[in-house]
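Visitor: Fold the following, please.
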Amino acid sequence: MINSMEMSGTIRSLYEREGWYLSPQVLDEDLIARGTARIEALSAQDRPEVVYEEGTRIVRAVHGCHLFDDVCRRLVQLPALLGLAQELLGEPVYVYQFKVNMKQPKEGAAWPWHQDFAFWHREDGMVADKAVNIAVHLDEVHEKNGPLCVIPRSHHLGLVDKEPSGGGGDWRKHVSADLEYTVPDEIAESLAQELGTAYATGPMGSLYAFHPTIVHSSSNNLSADRRALLMVTYNAVSNAPERLTRPEFLVSRDSTPLAPVATNML
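Guide: Numbers count the residues shown, from 1 in each chain. Here you go, the predicted structure:
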């Protein structure tokens, strides 16, 4: 029989090799329903944390909800999410970013090829990529409603994106379809041809992790089905950056180590 320590080592080894890890665990339907209901209620409010598709009032994303909402605050401490982050990073962590990307039916715009660490390193001064994105499907995700697409093992290359000639500084270009830091299509396509691609599809409640430096994107939502994706970025406490100028709902200031709650319940 494989013991829990051996299994943990296998998961971490797989993640470190491939740059992402799809968990066999699917979160409880009631948990997802309650979390989704709270996100929907918050996204209907007129608040700075709510981001819209360009030129519309169609919600694109909701950020930083764990800072002011009790349900979301508990959500980031669930063992399924926090425990996986601690397991993959091997040290105490805190929430660096919390967001729900919501691709509305027939409206949700694509995210171009990019690497998350480009934003954290250049905008926030994060030194190392000792963080991990933990993602949860709040809807069923299939090939037509804009699933996340990753290029496995591309995280071993470090940053390959092209810095914009005008420099950074406008956080709105960090949350829109017109991203500040992107990986040129020709580079991404070459990497995809060499390394292949993988799509994060699956039922509501699916759980997976991906590396800050992995090259990834997602397509437009071409279907009649919404694609809401919760993403919690956990950063190692030892890796907390000191220079933070972006809004707190994009980058949490509190680097106190988190402890998991007792059960995966909201």
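Visitor: Need the per-residue pLDDT for the residue most central in space within the chain.
Guide: Geometric centre of the chain, nearest residue: M231, 3.6 Å, by Cα atoms, centre = their mean. At M231, the model reports a pLDDT of 97.
Visitor: can you tell me which residues contact the nearest residue to it once chain neighbours are set aside?
Guide: Nearest residue to M231 in three dimensions, chain neighbours excluded: A135, at 4.9 Å (Cβ to Cβ, 6 or more residues apart in numbering). All C-beta spots, glycine's among them, are computed from the backbone N, C-alpha and C. Residues near A135 by Cβ atoms under 8 Å, 6 or more residues apart in numbering: L148, A200, L207, Y208, A209, F210, L229, L230, M231.
Visitor: Check L157 too.
Guide: For L157, the contact set (Cβ under 8 Å, 6+ apart) comprises L191, T213.
Visitor: What's the separation between it and A192?
Guide: Separation of L157 from A192 (Cβ to Cβ, to the nearest Å) stands at 13 Å.
Visitor: N264 now?
Guide: With Cβ to Cβ as the criterion, N264 and A192 are 35 Å apart.
Visitor: Mind checking which of the two has more residues around it?
Guide: A192 (19 against 16; other Cβ atoms under 10 Å).
Visitor: circling back to that earlier point, let's have the contacts of A135 in TSV, adding distance to N221 and secondary structure.
Guide: Shown next, in TSV, are the contacts of A135 (distance: Cβ to Cβ, whole Å; DSSP: H, G, I helix; E, B strand; the rest coil):
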residue	distance to N221	secondary structure
L148	12	strand
A200	14	strand
L207	21	strand
Y208	19	strand
A209	23	strand
F210	20	strand
L229	11	strand
L230	16	strand
M231	16	strand
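Visitor: Of these, which is the nearest to L88?
Guide: A209 (5.9 Å; Cβ to Cβ).
Visitor: thought the closest one was touching L84?
Guide: Yes - if you go by Cβ atoms under 8 Å, A209 and L84 touch, sitting 6.0 Å apart.
Visitor: Name the residues contacting each of those two.
Guide: Counting by Cβ under 8 Å, 6+ apart, the common neighbours of A209 and L84 are S23, I134.
Visitor: ranges for the helices of the stretch 151-266 of the chain?
Guide: Under the criterion DSSP state H, counting those that start in this stretch, the stretch 151-266 of the chain contains helices at 185-195.
Visitor: So which residues of it form strands?
Guide: In the stretch 151-266 of the chain, the segments counted as strands under DSSP state E, counting those that start in this stretch are 198-200, 206-210, 216-218, 227-236.
Visitor: which helices and strands does the second one pack with?
Guide: Contact here means 3 or more Cβ pairs under 8 Å, 6 or more residues apart in numbering; DSSP states H and E; on that basis strand 206-210 packs against strand 20-26, helix 84-89, strand 131-137, strand 198-200.
Visitor: what about the helix or strand that the third one is followed by, distance to the chain center?
Guide: Once strand 131-137 ends, the next helix or strand along the chain (criterion: DSSP states H and E) is strand 148-150. Here strand 148-150 is found 11 Å from its chain centre; the criterion is Cα atoms, centre = their mean, to the nearest Å.
Visitor: Remind me what strand 148-150 packs against, helices and strands.
Guide: If you count contacts as 3+ Cβ pairs under 8 Å, 6+ apart, strand 148-150 packs onto strand 198-200, strand 216-218.
Visitor: Can you lay out the ones you listed as TSV showing mean pLDDT and distance to S252?
Guide: Formatted as TSV, the helices and strands packed on strand 148-150 follow (pLDDT from 0 to 100; distance: least, Cβ to Cβ, whole Å):
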stretch	mean pLDDT	distance to S252
strand 198-200	97	24
strand 216-218	95	22
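Visitor: nearest to V76, of the strands of the stretch 151-266 of the chain?
Guide: Nearest to V76 among the strands of the stretch 151-266 of the chain is strand 227-236 (5.3 Å), distances taken as Cβ to Cβ.
Visitor: in the closest one, what counts as buried?
Guide: Neighbour-count burial for strand 227-236, counted by 16 or more other Cβ atoms under 10 Å, picks out R227, A228, L229, L230, M231, V232, T233, Y234, N235, A236.
Visitor: same deal with stretch 144-157?
Guide: Buried, per 16+ other Cβ under 10 Å, within stretch 144-157: N145, G146, P147, L148, C149, V150, I151, P152, R153, S154, H155.
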